[in-house]
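Novice: here's a sequence, model it:
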Amino acid sequence: MNNYLSSENEKLCCGCLSCVYSCPTQALTIQERFDMFSYPQVDASKCVECGLCSKVCPVESYDKNEIISTYALKHKDAQIRKASSSGGAFTAISDYFLDNGYYVFGSVFDEQYRAVHMGSKQEKLRDKMRISKYVESSLKGVYPEVKELLDNGEKVFFTGTPCQVAGLKKYLKREYEMLFTMDVVCNGVLSPKMLADYLSLCTNNSNIEYFACRDKYEHTWADSQTVSLKSEEVNLKYLGAFYKFFSRSYSVRPSCTACKFTNKYRASDITVGDFWSLKFTNKEFVDDLGVSLVCANSQRGKDLIDSLGGSCDIIKTDKQKTIAGCDRLNYCQQGNSNNKMFWNYYKRHSARKTFEIYAGDSVVSKLMRKPFELITKNK
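Specialist: Predicted coordinates:
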């Protein structure tokens, strides 16, 4: 058995919590660390060594389908595309499920701007699931909620990262006809603590009126590394730090740098993402409002995509070229070799000091973080 619980190797835990909710003796609890990533913690006095935690771990194994076909998609409603991260595929697909009485599950920001998974039949909450969150979305209590709904005859459309979808299916232990799943092309998830400290620094702890990544009301789809923030106060000094951490791979979850799900074998019915490479093969289909990459991973996924012609402009693309042109359908991100040193520094110093050094571009910032990087490389 080679998993996180037996080795405490952080790269072997994706934080899906399938093991926690599957344990028959409640020997596992959720531990939230300094970085606010979630991990299972075992109470040895309750553990009967049944091995179920290993059997339901998606990092160890998961049922998968190879991508059947790929598409470029743009919602015909420009306002929906403007409110979406890419081409509006999530809205088009989830509209189908809302119209057919499904609960739609996805990631939203709560009142404290913590990313959490929620389910609803209401369009208003669904709309909050649209924009990319980039940080780990909490799944506390979500898998048992989905199972209860399905066991009571309800229909569920579950969306999330590839490991979250795979984790749900491992937790359920059987197929449900009334469960439909969709994952995203994922570059890895960032630390919830980093986002919390970022918002605190940017707003001087004042009330936040609005926060969004890649807001197309103020930017275009091509301006992918943008943050829109409205508050009583906005400290511009730190505004760009969020995407600097993202692009430099600081604060990414350790398992994301050893991800087993960034390939053409998916646990979901459909995969969606940004179709960045389309400009090289069909540039006339690309515009400033964005284009979604959509992959059909099951026959029913393909059937659903084929039915979206009324609300979307869709073109089928060459599968091999499409997959080859999307990095995260081939390999995971490599992470930053200095990530451990980054967290060690973060724990010893204030968020303000950490952001100034690790997100700074000044000569002083670069010189100050260089000794920490050299220490790491020499270990």
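Novice: so what are the structural domains in the chain, by residue number?
Specialist: 4-55, 65-189+254-329, 192-251+337-377 (automatic domain parsing).
Novice: pick the most buried one from those domains.
Specialist: Mean neighbour count (mean count of other Cβ atoms under 10 Å) peaks for domain 65-189+254-329 among the domains of the chain, with a mean of 19. All C-beta spots, glycine's among them, are computed from the backbone N, C-alpha and C.
Novice: just the element for Leu229, please.
Specialist: strand 227-231 (DSSP states H and E).
Novice: so which elements touch that strand?
Specialist: Other helices and strands packing on strand 227-231, by 3 or more Cβ pairs under 8 Å, 6 or more residues apart in numbering; DSSP states H and E, are helix 192-203, strand 208-213.
Novice: make CSV out of the ones you listed and add distance to Trp343 and mean pLDDT.
Specialist: What follows is the helices and strands packed on strand 227-231, written out as CSV (distance: least, Cβ to Cβ, whole Å; pLDDT from 0 to 100):
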stretch, distance to Trp343, mean pLDDT
helix 192-203, 10, 94
strand 208-213, 22, 87
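Novice: got a markdown table for the ones you listed, with distance to Cys23 too?
Specialist: As requested, these are exported to a markdown table (distance: least, Cβ to Cβ, whole Å):
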| stretch | distance to Cys23 |
| --- | --- |
| helix 192-203 | 24 |
| strand 208-213 | 35 |
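Novice: quick one: closest of those to Phe245.
Specialist: With distances scored as Cβ to Cβ, the stretch of these nearest to Phe245 is helix 192-203 (6.1 Å).
Novice: by mean pLDDT, show me the worst of the domains of the chain.
Specialist: Among the domains of the chain, domain 192-251+337-377 carries the lowest mean pLDDT, at a mean of 83.
Novice: returning to what we had before: nearest to Ile67, out of the helices and strands packed on strand 227-231?
Specialist: For Ile67, the closest of these is strand 208-213, at 26.3 Å, according to Cβ to Cβ.
Novice: can you show me the CA trace of that closest one as PDB?
Specialist: Provided in PDB are the C-alpha atoms of strand 208-213 (Å, rounded to 0.1, in the frame of the first residue of the first chain):
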ATOM      1  CA  ILE A 208     -14.600  43.100  -0.300                       C
ATOM      2  CA  GLU A 209     -17.300  44.100  -2.800                       C
ATOM      3  CA  TYR A 210     -16.100  42.000  -5.700                       C
ATOM      4  CA  PHE A 211     -13.200  39.600  -6.500                       C
ATOM      5  CA  ALA A 212     -12.700  37.600  -9.700                       C
ATOM      6  CA  CYS A 213      -9.900  36.000 -11.700                       C
END
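Novice: report the distance from that strand to the chain centre.
Specialist: Taking the mean of its C-alpha atoms, strand 208-213 sits 18 Å from the chain's own mean (Cα atoms, centre = their mean, to the nearest Å).
Novice: got it, and stretch 62-75?
Specialist: Distance, centroid of stretch 62-75 to centroid of chain: 17 Å (Cα atoms, centre = their mean).
Novice: going along the chain, name the helices of the stretch 51-200 of the chain.
Specialist: For the stretch 51-200 of the chain, the helices defined by DSSP state H, counting those that start in this stretch cover 52-55, 78-82, 89-99, 123-127, 142-151, 162-172, 192-203.
Novice: same check, this time on the stretch 251-379 of the chain
Specialist: 299-306, 319-324, 339-348, 351-358, 363-377.
Novice: which other residues reach the fourth one?
Specialist: Same thing as helix 351-358. Outside helix 351-358, the residues that touch it by Cβ atoms under 8 Å, 6 or more residues apart in numbering are 197-198, 200-201, 238, 241, 244-245, 248, 250, 342, 345-346, 365, 368-369.
Novice: repeat that for stretch 158-169.
Specialist: Identification of contacts with stretch 158-169 by Cβ under 8 Å, 6+ apart yields 14-18, 56, 58-59, 62-64, 90, 94, 104-107, 117, 129, 137, 139, 143, 146, 179-184, 186, 189, 255, 259, 261-262, 266-268, 271.
Novice: right, I'll leave it there.
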